[in-house]
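Asks: Here is a sequence with its predicted model. Questions after.
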Amino acid sequence: MSSFDPRQVFPRRKPGATPAPLSALSIYNPAYLGLDARGKRVHVTLPYRNILIGGEPGAGKSVAQGNFVAHAALCTDVDLILIDGKIVELLPYAPVAKEFVGNNMPKALRVLKDLQADLDERYLHLARNGRKKIVPGDGFRAKLLVVDELAYFTVTVGTKEQQEEFRVLVRDIVARGRAAGIITIASTQRPSADIVPTSLRDLFGYRLAFRCATDSSSDIILGTGWASQGHTAVDIAPEALGVGLLRAEGGFPRRLKTAHLKDDEINQLVRRAAYLRRAA
Ligand SMILES: Nc1ncnc2c1ncn2[C@@H]1O[C@H](COP(=O)(O)OP(=O)(O)OP(=O)(O)O)[C@@H](O)[C@H]1O
C-alpha cells in the first residue's frame, strides 16, 4: 500500500481562497475557467458541449484547455482521452487519462476509431430506447476527448490519407458526440479556414479565441461577423496572456482572463485526482 496521504495533496490556502475539492467532482458540475471583465467567475458546463480554442502561439490556449482537463481529472465519472501532438501540454495529466497519445498518428487514429465505435454503440442504445441523448445512469461513462493541436494531425504529420482520416474522425466525433456523452475540446494556433473550416467550427457550441493576428482568424474561431461588430481577439494586447473571448452557443463573446494553474499545482491536482479515481 502507498503511504500517500490525500490530505497533504493541497497545501493550506489563503483565507477566502476557493478550497480544493475534498471529494470527487462530477463532470456535470460546472468547470471554472477564469474571471470576466467585471471580476465575475466564468464557468462552463462540459457535457453536451464541444469547445474550440484558437489563437496565436503563446496566447494562453493550453492554460485554458488545462483548466478544463484539470476539472475533468477530478471528476470520477469521466474518462480522459488526450491527444497531444506537442506531448508536453497534456502529459502531466497522463497518469489519470484512459488514453494518452503523443505525436503518434497511427495511435491517434486507433484511439479515434475506438471512440467512433463507442459512439455507434451509444447511438444504437438511444435508438433502441427511443431517446435522443445519453443521460447519467444510462450505463455509459462520459468521455472527454482533447485534441491539441488540430493542425499537427491534419496538416503536419502523417500521410495525406491519414490526415484526411483524422479530420473525418474528429468531425464525426464532434458532430455526434454531444448527445452521446462524448465531449471534445480542440485547440489550434492556426485559426485558418483550412484547419477550421466553417462546417467544423459550427459544430462547437463554445468557442474561445485568444489573441489573433487578423479579424478573419478571430472570426474563424468565434463565428463569422463578430469582428465587424467590435468583438475581435485582435484587440487583445500581446502582453495580456490568458485574456480571451468566450462565446457560448447563441451568445455574445465575453472577455475573460483564465485562471492559471502552475506546474506544481497541476502535479498536486493530478496526484489528488489519481487518488480519487482509485477510490471511486
Ligand atoms: N491566465 C494566465 N495568467 C497568467 N499567465 C498566463 C495565463 N495564460 C497563459 N499564461 C502564460 O503564457 C504562457 C503561454 O500560454 P499557453 O502555453 O497557454 O499558450 P498557447 O496559446 O497554448 O501557446 P502555444 O500555441 O505555443 O502552445 C504560459 O506559459 C503562461 O506563462
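Replies: Thanks, I have it.
Asks: which residues does residue 221 contact?
Replies: Residue 221 makes contact with 52, 53, 54, 55, 191, 196, 201, 207, 208, 209, 212, 233, according to C-beta atoms under 8 Å, 6 or more residues apart in numbering. The C-beta positions use only the backbone N, C-alpha and C, and glycine is treated the same way.
Asks: cutoff 7 Å now
Replies: Contacts for residue 221 (C-beta atoms under 7 Å, 6 or more residues apart in numbering) come out as 52, 54, 191, 207, 209.
Asks: tell me the SS of it?
Replies: Secondary structure assignment for residue 221 (DSSP: H, G, I helix; E, B strand; the rest coil): helix.
Asks: gap between it and the ligand?
Replies: Between residue 221 and the ligand the distance is 12 Å, computed by C-beta to the nearest ligand atom, to the nearest Å.
Asks: before we move on, what about residue 79?
Replies: According to C-beta to the nearest ligand atom, residue 79 and the ligand sit 24 Å apart.
Asks: ok but that residue is inside a strand, no?
Replies: Yes - per three-state DSSP, residue 79 lies within a strand segment.
Asks: Residue 112 touches residue 169, doesn't it?
Replies: Yes - using C-beta atoms under 7 Å, residue 112 is in contact with residue 169, at 4.0 Å.
Asks: what touches both of those two?
Replies: Shared contacts of residue 112 and residue 169, defined by C-beta under 7 Å, 6+ apart, are absent.
Asks: Let me see the ranges of the strands in the protein.
Replies: Secondary structure of the chain by DSSP state E: the strands cover 31-36, 41-44, 51-54, 78-84, 99-101, 142-148, 182-188, 206-210, 243-247, 254-258.
Asks: who in the chain is up against the ligand?
Replies: Residues of the chain found near the ligand, taking C-beta under 6 Å from any ligand atom as the criterion, are 55, 57-63, 189, 210, 241-242, 257-258, 260.
Asks: Recalculate using a threshold of 5 Å.
Replies: Residues of the chain found near the ligand (C-beta under 5 Å from any ligand atom) are 57, 58, 59, 60, 61, 62, 63, 189, 241, 242, 258, 260.
Asks: which residue sits closest to residue 269, ignoring its sequence neighbours?
Replies: Excluding its sequence neighbours, the residue lying closest to residue 269 (C-beta to C-beta, 6 or more residues apart in numbering) is residue 70, at 5.5 Å.
Asks: Model confidence score at that neighbour, please.
Replies: Residue 70 is assigned 96 on the pLDDT scale.
Asks: again with the one 3 residues further on
Replies: Note for residue 73: predicted pLDDT of 96.
Asks: okay, now it: neighbour count?
Replies: Look at residue 73: counted by other C-beta atoms under 10 Å, it has 26 neighbours.
Asks: OK, contacts around it?
Replies: The neighbours of residue 73, taking C-beta under 7 Å, 6+ apart as the test, are 80, 93, 96, 269, 270, 273.
Asks: tell me the two of these that are most distant?
Replies: Greatest spatial distance among the contacts of residue 73 (C-beta to C-beta): 80 and 269, at 12.9 Å.
Asks: follow-up on the earlier one: between residue 112 and residue 169, who's got more neighbours?
Replies: residue 112 (24 against 18).
Asks: Can you give me the distance of residue 248 to residue 225?
Replies: 17 Å (C-beta to C-beta, to the nearest Å).
Asks: and these two? which has more neighbours close in?
Replies: Applying other C-beta under 10 Å to residue 248 and residue 225 shows that residue 248 carries more neighbours, namely 17 against 9.
Asks: and the gap between that one and the ligand?
Replies: Separation of residue 248 from the ligand (C-beta to the nearest ligand atom) stands at 19 Å.
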